[in-house]
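**Student:** using only what follows, build the 3D model:
(one chain, ligands or ions: 2)
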Amino acid sequence: MADNPMLKFVTVDRDMPEKRPPNLRRQDFGEIYGEYAREKAAEQASRCSQCGVPYCQSHCPLHNNIPDRLLLTAEGRLQEAYDLSQATNTFPEICGRICPQDRLCEGNCVIEQSGHGTVTIGSVEKYLTDTAFEEGWVKPIRPAAERSESVGIIGAGPGGLAAADRLRRAGVQVTVYDRYDRAGGLMTYGIPGFKLEKPVVMQRIAQLEDGGVEFVLDCNVGTDLSFDAIRGKHDAVVIATGVYKSRELQAPGVGADGIVRAIDYLTASNRKGLGDDVAEFDSGELDAEGKRVVVIGGGDTAMDCVRTAIRQGAESVKCLYRRDRENMPGSQREVANAEEEGVKFVWLSAPKGFVGDEVEAVKVQQMRLGAPDATGRRTPEVVEGADFDEPADLVIKALGFEPEDLPKLWGVDGLEVTRWGTVKADFRTHATSLEGVYAVGDIVRGASLVVWAIRDGREAADAILEYLSGAAKVAAE
Ligand SMILES: Cc1cc2nc3c(=O)[nH]c(=O)nc-3n(C[C@H](O)[C@H](O)[C@H](O)COP(=O)(O)OP(=O)(O)OC[C@H]3O[C@@H](n4cnc5c(N)ncnc54)[C@H](O)[C@@H]3O)c2cc1C
Ligand code: SF4
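**Tutor:** Ligands and ions are numbered 1, 2, ... in the order given. Model prediction:
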C-alpha cells in the first residue's frame, strides 16, 4: 500500500491553524484529531441505558445496531463491536466523524432528550473503526468467487464507492469513473480536512483498489467518454454524480473580483492541504489569510467556509444569513463550534449588492421574519431603511447546490428527471427509467448527506445483484 500513488499525500498539513493572526481567540483546532481513548469510549458506551426503544437506531439512516454496539464496547469486546458496526455501514469511521449526529442518532438518544447529554455515538463509532484499522481487523476485499458481469459506476463519492464495495465483495467486476484526479467526491474535495482527514478517505479507496475495483480518474463522462459507451461496456451502470451547480446570487456588483463560490474556495483549500499546487490559492484569490471574510448562507457548506477561513488566518469572519438562528438549515453544533472559534453571525441579513470592482463591502439589507409560507417556514421580509455596508475583502457565496442537466449533458433522452432536475429512481431499488441503470446519492436526493449516499449505494448494489442474476437466468434459458 505504501507505493500506492493515491496515498501520496498522507503528510497532510495539520498545522494550518498556526497561520491564524493573534486577534482571534486561541483555540485548540485539533478537535477531530484528538484520540478518543479506550477508557473514554467505554465510559461513553456504558452511559447507554439500553432503553429498549432505540430511537437512535431508527434515526440512523443505516439503522446501525447502536445499543448492541455500545454494550459490546462497554464490555471491552471491541472487535465484536467493530464487526457489528461494519455489518451495516460501509464507512463507519467516516460517518462517525461527519454525520450531523445532533440531527440523527444522538439527537434522538433518550438520555439526550431527558436532559443528561447524549451518548457520543458517532465518536464511539469512529474510535472502533480507527482501532480496527490499527489492529488489522479490517478485512481486505477478497470475493469468494469471481463473476463475469461488470458494473460501471459514474462518480467516486460515497454513493458510488459504497455500491462498488458491495458489488466487488460479491465478485462483480467494477469500474468507477470520475472526472476528478482523486476519488472520494465531496469527502475528498468538499468537506474540509479539519472535519474529515483525507488519509481516512484514501485508506478506503486504497482498500477498494487493492480488492480489485478499477478507477478511471480524470474522466469526465459526457466529454471524455460518452454515457452510451459506458452503458455498452457494462452489464449495469450506477449514476452517482452528486450535485455541483452552485446556486447563484442576483445582485448588482456580484461579478466583482473577490466574490467566489463556496465549492471553488473549499476545493482549493482541500487541494492545498493535500499538497497540490493551486494557482488560485497561491495568488491569494482563494486564500482568506489576512482578509475580512463574509460568507453568505446558513447551511453546512457556509459553516465549513467560515471555519476554513478562520483556520487560514482571516482577519475577521462574518456569516450573513437571512433568517435567524433557530431557522437556519445548518447544524447548531457547527454554529456553536464556529462561534467558539471567533466567527460572528449576522442573523436576519441579506446581500443587496456589492461595492467595488475588487470587492470592498457587501450592501446588506436587514430582514425580519414574516408569515409562514406553504411549508410552514416564516418568510424573511426586508426592513426598509435599515441597510448597512459590511466591509469585505473576500465574499464567499454558499447558497446551496443544484443538479446538472444530465440528460442534456450526456445526450440521453430516456433518462427521466424530476422537476428539480434530480434523476428519478425507485426509492428502494434505485432503478432509473433506463434498463440496467441505477442512480444513488445527491443526484437523486438533491444535496444531502454522506450517510444517505452510503445507504443508497448499498441498496442499489443489492438490487443490481438481483438484476444480474435475473439477466443471467434469462440468458441461460
Ligand atoms: C462543503 C460540503 C460539506 C459537507 N459536509 C458534510 C458533512 O459534514 N456530513 C455529511 O454527511 N455530508 C456533508 N456534505 C454532503 C455530502 O458530501 C454529500 O451528500 C455526499 O458526498 C453525496 O455523495 P454522492 O456520492 O452522491 O456525490 P459526491 O460526493 O458529490 O460525488 C460525486 C462524484 O461524481 C463525480 N462526477 C460528477 N459528474 C461526473 C461526470 N460527468 N463524469 C465523471 N464523474 C463525475 C464528481 O467528480 C464526484 O467525485 C457536505 C457537502 C458539501 C458540499
Ligand atoms: S452512521 Fe451516522 S447516524 Fe448512524 S450511528 Fe453512525 S454517526 Fe449516527
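**Student:** and stretch 207-227, how far out from the chain middle?
**Tutor:** Centroid separation for stretch 207-227 versus its chain: 20 Å, with C-alpha atoms, centre = their mean, to the nearest Å.
**Student:** ok, residues contacting it?
**Tutor:** Identification of contacts with stretch 207-227 by C-beta atoms under 8 Å, 6 or more residues apart in numbering yields 1, 4, 6, 138, 140-143, 154, 156, 161, 164-165, 168-169, 173-183, 205, 230, 237, 241, 406, 409-412. Where C-beta positions appear, they are placed from N, C-alpha and C, glycine not excepted.
**Student:** list the buried ones in that stretch?
**Tutor:** 207-209, 211-213, 215-216, 219, 221-222, 225, 227 (16 or more other C-beta atoms under 10 Å).
**Student:** stretch 125-139 too?
**Tutor:** Applying 16+ other C-beta under 10 Å to stretch 125-139 flags 125-132, 137-138 as buried.
**Student:** PyMOL command to pick out the buried ones of the contacts of stretch 207-227?
**Tutor:** One line in PyMOL is enough to select the buried members of the contacts of stretch 207-227, burial here meaning 16+ other C-beta under 10 Å:
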select buried, resi 6+138+141+154+156+161+164+165+168+169+173+174+175+176+177+178+179+180+182+183+205+230+237+241+406+410+412
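**Student:** now, which of the contacts of stretch 207-227 lie within strands?
**Tutor:** Among the contacts of stretch 207-227, the members falling in strands (DSSP state E) are 154, 173-177, 237.
**Student:** max pairwise distance over those residues: which two?
**Tutor:** Of all pairs drawn from these, the one with the longest distance (C-beta to C-beta) is Ile154 and Gln173, at 15.7 Å.
**Student:** burial count for the spatially closest residue to Ala145 that is not a sequence neighbour?
**Tutor:** Spatial nearest neighbour of Ala145, excluding adjacent residues (C-beta to C-beta, 6 or more residues apart in numbering): Gly171 at 5.2 Å. Gly171 has 17 neighbours, counted by other C-beta atoms under 10 Å.
**Student:** look up how far Lys408 lies from Gly222.
**Tutor:** Gly222 sits 9 Å away from Lys408 when distances are taken as C-beta to C-beta, to the nearest Å.
**Student:** swap in Glu112?
**Tutor:** 46 Å.
**Student:** output the ones in strands among the contacts of stretch 207-227 as CSV; include the columns distance to ligand 1 and pLDDT.
**Tutor:** CSV is the format used below for the ones in strands among the contacts of stretch 207-227 (distance: C-beta to the nearest ligand atom, whole Å; pLDDT from 0 to 100):
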residue, distance to ligand 1, pLDDT
Ile154, 5, 98
Gln173, 19, 98
Val174, 15, 98
Thr175, 12, 98
Val176, 9, 98
Tyr177, 5, 98
Val237, 12, 98
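**Student:** from those, which is closest to Ile296?
**Tutor:** Of the ones in strands among the contacts of stretch 207-227, the one sitting nearest to Ile296 (C-beta to C-beta) turns out to be Ile154, at 31.5 Å.
**Student:** from Gly436, how far out is that closest one?
**Tutor:** Distance check for Ile154 against Gly436: by C-beta to C-beta, it reads 13 Å.
**Student:** tell me, what's touching the two both at once?
**Tutor:** Val237.
**Student:** quick one on the thing from earlier: sort out for me which of the buried residues of stretch 207-227 are in strands.
**Tutor:** Among the buried residues of stretch 207-227, the members found in strands (DSSP E) are 215-216.
**Student:** report the entries of the buried residues of stretch 207-227 that also contact ligand 1.
**Tutor:** 221-222 (C-beta under 6 Å from any ligand atom).
**Student:** and the lengthiest helix in the chain, what's buried?
**Tutor:** For the chain, the longest helix by residue count, based on DSSP state H, is helix 450-476. For helix 450-476, a neighbour-count test (16+ other C-beta under 10 Å) marks 450-465, 467-468 as buried.
**Student:** just checking, what packs against it?
**Tutor:** Applying 3 or more C-beta pairs under 8 Å, 6 or more residues apart in numbering; DSSP states H and E, we find helix 450-476 packed against helix 92-98, helix 158-169, strand 236-239, strand 437-439, helix 442-445.
**Student:** wait, does the second one contact ligand 2?
**Tutor:** Right, the one you point to is helix 158-169. No: Helix 158-169 does not reach ligand 2 (C-beta under 6 Å from any ligand atom); its nearest approach is 11.4 Å.
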